[in-house]
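J.: fold the following for me, if possible:
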Amino acid sequence: MLHFYKFRQELFGPEPAKEVYHKPGPGRGWPEECPPIRAANAFGYDLLANFDLTFVRRRDGSWRIQDPIVLESDFDWSPDEQTPGRPLVQQYAWFWEKGQKIPHPITDNVFETIRNQVKVSSFLYLKTDPNELLLMTDLPNQWRAFRTWTALVDTDWYPASYPWHVVIELDPRHKRIHIEKGTPLCRVIPVRRDTYFAQSMSPGAFDTFFERSQQWLTAHGRPHESDVGTMDITRTYVRQQIKSRFVVMT
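T.: Residues are numbered from 1 along each chain as shown. All right, here's what the predicted structure looks like:
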């Protein structure tokens with residue numbers, strides 16, 4: 001299970017992903033109509049942009065954030081019982097710094113390569129149950145002016161003291177990139193920490209598999225009107241498809 005707490009309660013929580021993000025135009029055969037693609041689109045939770053966010057590219061190739069945002073938490077924190085509590089402070093978006101030493105060093109040659117990357121706060125504290133990790137990645141099958149870097153985080157044992165951020169990379173071909181409030185920034189998927197295996201089928205196992213596939217086609221397919229030698233499984237696959245569900249409990 002994914003557990004979360006908001007930096008401020010009026011901000012967005014994780015949202016179940018959607019099968020379709022952009023309705024296609026007229027015609028048939030759009031990728032958005034494919035059941036496996038729709039299932040992939042809807043697999044996981046989305047972390048949404050809490051505010052409008054605009055990046056402007058300077059002449060030297062660097063970026064600046066138009067109208068930077070800094071928030072205070074709606075709860076107070078104190079390191080001990082004697083010190084009065086105060087709200088925490090969190091930037092909404094920030095870039096790597098040239099010559100930075102913390103949280104890890106970045107040499108100048110590396111900085112030139114990652115200068116288009118920006119960290120955007122989700123304003124969410126995140127944890128998972130034991131032996132569950134959190135895969136943070138880009139939205140499937142979406143092509144945008146930015147892409148989200150993929151990370152696999154040990155949220156079952158690492159108690160981050162800050163809201164998790166998303167690392168996005170801005171497309172340098174653009175001079176201005178605007179991300180509207182409510183835009184999905186990142187897909188998060190709880191996954192099990194386990195050992196996974198791959199193994200080649202034996203000839204006998206493949207014979208059994210292939211015979212089963214032919215029996216399934218015979219039982220559920222129908223000859224296509226334009227090619228009687230081809231079995232059509234349109235609408236059959238989607239009726240038998242078993243989809244995962246992602247729910248946010250209140």
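J.: helices along this structure, start to end?
T.: Ranges of helices within the chain are 35-41, 108-114, 203-220, 236-240, based on DSSP state H.
J.: would JSON lines of these with mean pLDDT, mean neighbour count and distance to residue 86 be doable?
T.: No exception for glycine: its C-beta is placed from N, CA and C like everyone else's. Formatted as JSON lines, the helices of the chain follow (pLDDT from 0 to 100; neighbours: other Cβ atoms under 10 Å; distance: least, Cβ to Cβ, whole Å):
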{"stretch": "helix 35-41", "mean pLDDT": "95", "mean neighbour count": "16", "distance to residue 86": "42"}
{"stretch": "helix 108-114", "mean pLDDT": "93", "mean neighbour count": "11", "distance to residue 86": "33"}
{"stretch": "helix 203-220", "mean pLDDT": "93", "mean neighbour count": "11", "distance to residue 86": "63"}
{"stretch": "helix 236-240", "mean pLDDT": "87", "mean neighbour count": "13", "distance to residue 86": "54"}
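J.: of the ones you listed, which is nearest residue 97?
T.: Judged by Cβ to Cβ, the one of the helices of the chain that comes nearest to residue 97 is helix 108-114, at 8.2 Å.
J.: so which other helices or strands are in contact with the closest one?
T.: Applying 3 or more Cβ pairs under 8 Å, 6 or more residues apart in numbering; DSSP states H and E, one finds that helix 108-114 contacts no other helix or strand.
J.: ok, residues contacting that helix?
T.: The contact list for helix 108-114, computed with Cβ atoms under 8 Å, 6 or more residues apart in numbering, reads 96, 98, 99, 106.
J.: do that again at 7 Å, thanks
T.: 96, 98 (Cβ atoms under 7 Å, 6 or more residues apart in numbering).
J.: how far does that helix sit from its chain's centre?
T.: Distance of helix 108-114 from its chain centroid, counting by Cα atoms, centre = their mean, to the nearest Å, is 25 Å.
J.: now stretch 78-92
T.: Taking mean C-alpha positions (Cα atoms, centre = their mean), stretch 78-92 and its chain are 30 Å apart.
J.: what lies in contact with it?
T.: Residues contacting stretch 78-92 (Cβ under 7 Å, 6+ apart): 7, 51, 69-73, 76-77, 120-121, 123, 163.
J.: pick out the most distant pair among these.
T.: 76 and 120 (25.0 Å).
J.: re earlier: now distance to residue 156 too, for the helices of the chain, in JSON lines please.
T.: Formatted as JSON lines, these follow (distance: least, Cβ to Cβ, whole Å):
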{"stretch": "helix 35-41", "distance to residue 156": "25"}
{"stretch": "helix 108-114", "distance to residue 156": "28"}
{"stretch": "helix 203-220", "distance to residue 156": "35"}
{"stretch": "helix 236-240", "distance to residue 156": "34"}
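J.: what's the closest of those to residue 136?
T.: Of these, nearest to residue 136 by Cβ to Cβ is helix 35-41, at 16.0 Å.
J.: restrict the closest one to CA atoms and write it as CSV.
T.: Provided in CSV are the C-alpha atoms of helix 35-41 (Å, rounded to 0.1, in the frame of the first residue of the first chain):
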residue,chain,number,x,y,z
PRO,A,35,-6.6,-2.5,-24.6
PRO,A,36,-3.0,-3.3,-23.4
ILE,A,37,-2.0,0.3,-24.0
ARG,A,38,-5.0,1.6,-22.1
ALA,A,39,-4.2,-0.8,-19.3
ALA,A,40,-0.6,0.5,-19.1
ASN,A,41,-1.8,4.1,-19.2
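J.: quick revisit: compare residue 76 and residue 120 and say which one has the larger neighbour count.
T.: The neighbour count for residue 76 versus residue 120, taken as other Cβ atoms under 10 Å, is higher for residue 120 (24 against 11).
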